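A.B. asks: sequence first, predicted model second:
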Amino acid sequence: MHVDPGGARDAPLPKPDAGVSFVMPVLNEAGYLERAVRTVLTQDVPGPMELVLALGPSSDDTTAIARRLADEDPRIVLVDNPEADIPTGLNLAIAASTLPTIVRVDAHSELTPGYTQRALATLARVRAANVGGVMRADGRAPFQRAVARAYNSPFGLGGGAYHGGTRESAAESAYLGVMRRSVLEEVGGFDESLRRGEDWELNLRIRRAGYRVWFDPELSVTYWPRESWTRLVRQFRATGAWRGELVRRYGRRNSLRFFAPPILVAVTVAAVIVGALQLTGVLTGVGGLIASVVYLPLVAYALLVVAVAAGSGGGRGWRDKLWTMGVLPSMHLSWGAGFIQGIVTGARDTVDTSRLGTRNTPLP
């Protein structure tokens, strides 16, 4: 395949067998950590490899599991991340690692066989600084499967390439990411003032430095989303708040698709106000009829939700479909509300509390 450099700088190319450092921030992941680690350790990597776990102050058995795994395999290195923030944990893990290629992994994710080899080949072929692939969400129970379906749908998370793209190309960002250490050091690593959206912001600086960020649809990672409605809403509200913060900082460099959920929130609030005024008789006649136009976008949105839930791939049964109809607006409205907060006041100290104080059932 011919790659048009488009003026981008070629990232430094280490020796093919120079080795790979995997880095994983971890907090309250007792139900997922061991499976995630096993999929890393079974990757076929040319040369040496290591996995650095940045351990936050977990309230479940995560730390004990991590220590047991490290005792069993000398390739696992543990570092403390007392602040628990993901960007800080990533920087600590990268600082403790030693090899020239960095692979970001997540305790809620599982690498497919051959993932690393394919990513290394793509990095070398296109001389990119960062390569990512497709997040393929999956679930066990009806609720988690509904969340996974929303993740995998263009209607659910806005159609970003890593949620189902099929064409290999230069990209705005990369899911997780297989990165050149030299470029990370050049741009300064992850921004520790962010608690969400750190990948997008890092890739913005990589692209500003003139390097290539690349999407390869042949790369696939399984992602296990949140298992309960309250955790999902907390996660998406925090994510939306930090996206609003990123818009405050970087303005139009953010994709227009990020503005759809806050518009939905604004229309919903307007519809509630109009409905209240109509029910109390304050808004009547021609004025009330004209104001009723505000309901049309919500009717169209509701029809789309029903169509997505009832469509092919809607799940294993009626429970999956019903949960999908509840999950989609929950994700959109909580994200949109968080975004408005982030735009108006900044994210400030907003934390993703969905990762705190949880106990996950181990994966089968």
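C.D. replies: Cool, the structure landed.
A.B. asks: all the strands of this structure, in order from the start?
C.D. replies: 20-26, 49-55, 76-80, 101-104, 109-111, 130-137, 169-170, 178-180, 213-223 (DSSP state E).
A.B. asks: give the partner strands of the fourth one in its sheet and their orientations.
C.D. replies: Right, strand 101-104. Each strand paired with strand 101-104, and its direction, by DSSP bridges: strand 20-26 (parallel), strand 178-180 (antiparallel).
A.B. asks: mind checking how far it is from the chain centre?
C.D. replies: Taking CA atoms, centre = their mean, to the nearest Å, one finds strand 101-104 lying 16 Å from the centre of the chain it belongs to.
A.B. asks: next: the fifth one.
C.D. replies: On the basis of CA atoms, centre = their mean, strand 109-111 is displaced by 13 Å from the centre of the chain it belongs to.
A.B. asks: one more: stretch 231-241?
C.D. replies: 12 Å.
A.B. asks: now the strands of the chain in JSON lines, with distance to residue 289?
C.D. replies: Where you see a C-beta, it was placed from the backbone N, CA and C, and this is true even at glycine. Listed next are these as JSON lines, based on distance: least, CB to CB, whole Å:
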{"stretch": "strand 20-26", "distance to residue 289": "54"}
{"stretch": "strand 49-55", "distance to residue 289": "58"}
{"stretch": "strand 76-80", "distance to residue 289": "63"}
{"stretch": "strand 101-104", "distance to residue 289": "54"}
{"stretch": "strand 109-111", "distance to residue 289": "51"}
{"stretch": "strand 130-137", "distance to residue 289": "43"}
{"stretch": "strand 169-170", "distance to residue 289": "48"}
{"stretch": "strand 178-180", "distance to residue 289": "57"}
{"stretch": "strand 213-223", "distance to residue 289": "46"}
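A.B. asks: one step back: out of the strands paired with strand 101-104, flag the one nearest residue 204.
C.D. replies: strand 178-180 (14.0 Å; CB to CB).
A.B. asks: how many other residues sit next to residue 336?
C.D. replies: Residues contacting residue 336 under the criterion other CB atoms under 10 Å number 27.
A.B. asks: surely residue 306 is in contact with residue 325?
C.D. replies: Yes - the pair residue 306 / residue 325 is scored as a contact, 6.4 Å apart, by CB atoms under 8 Å.
A.B. asks: who has more neighbours, the two?
C.D. replies: Set residue 306 next to residue 325 and count neighbours by other CB under 10 Å: residue 325 wins out with 17 against 14.
A.B. asks: could you list every residue that touches the closest residue to residue 88 other than its chain neighbours?
C.D. replies: In this structure, residue 88 finds its nearest non-sequential neighbour in residue 192, 5.0 Å apart by CB to CB, 6 or more residues apart in numbering. Shown in contact with residue 192 (CB atoms under 8 Å, 6 or more residues apart in numbering): 85, 87-88, 91.
A.B. asks: which one of those residues is nearest residue 41?
C.D. replies: Using CB to CB, the contacts of residue 192 come closest to residue 41 at residue 91, 22.9 Å.
A.B. asks: what's the pLDDT at the residue nearest to the closest one when sequence neighbours are not counted?
C.D. replies: Closest residue in space to residue 91, ignoring its immediate chain neighbours: residue 189 at 4.9 Å, by CB to CB, 6+ apart. Note for residue 189: predicted pLDDT of 96.
A.B. asks: angles on the backbone of residue 189, please.
C.D. replies: Note on residue 189: backbone dihedrals following degrees, to the nearest 10 are phi 70, psi -160.
A.B. asks: since we're on it, how many residues are nearby?
C.D. replies: 18.
A.B. asks: just to revisit the earlier point, quick one, which of the strands paired with strand 101-104 gets closest to residue 268.
C.D. replies: Of the strands paired with strand 101-104, nearest to residue 268 by CB to CB is strand 20-26, at 34.3 Å.
A.B. asks: and that closest one with strand 76-80, angle?
C.D. replies: Put simply, strand 20-26 runs at 40 degrees to strand 76-80, going by axes from the mean of the first three to the mean of the last three CA atoms, to 10 degrees.
A.B. asks: how far off strand 49-55 does strand 20-26 point, in degrees?
C.D. replies: Using the same axes, to 10 degrees: strand 20-26 against strand 49-55 is 20 degrees.
A.B. asks: show me what strand 20-26 is in contact with.
C.D. replies: By CB under 8 Å, 6+ apart, the list of residues contacting strand 20-26 reads 33, 36-37, 40, 43, 45, 47-56, 58, 62, 66, 81, 86, 89-90, 93-94, 97-99, 101-107, 116, 120, 181.
A.B. asks: list the residues that contact the closest residue to residue 87 other than its chain neighbours.
C.D. replies: Nearest in space to residue 87, with sequence neighbours left out and distances taken as CB to CB, 6+ apart, is residue 190 at 3.9 Å. By CB under 8 Å, 6+ apart, the residues touching residue 190 are 86-88, 90-91, 198, 202.
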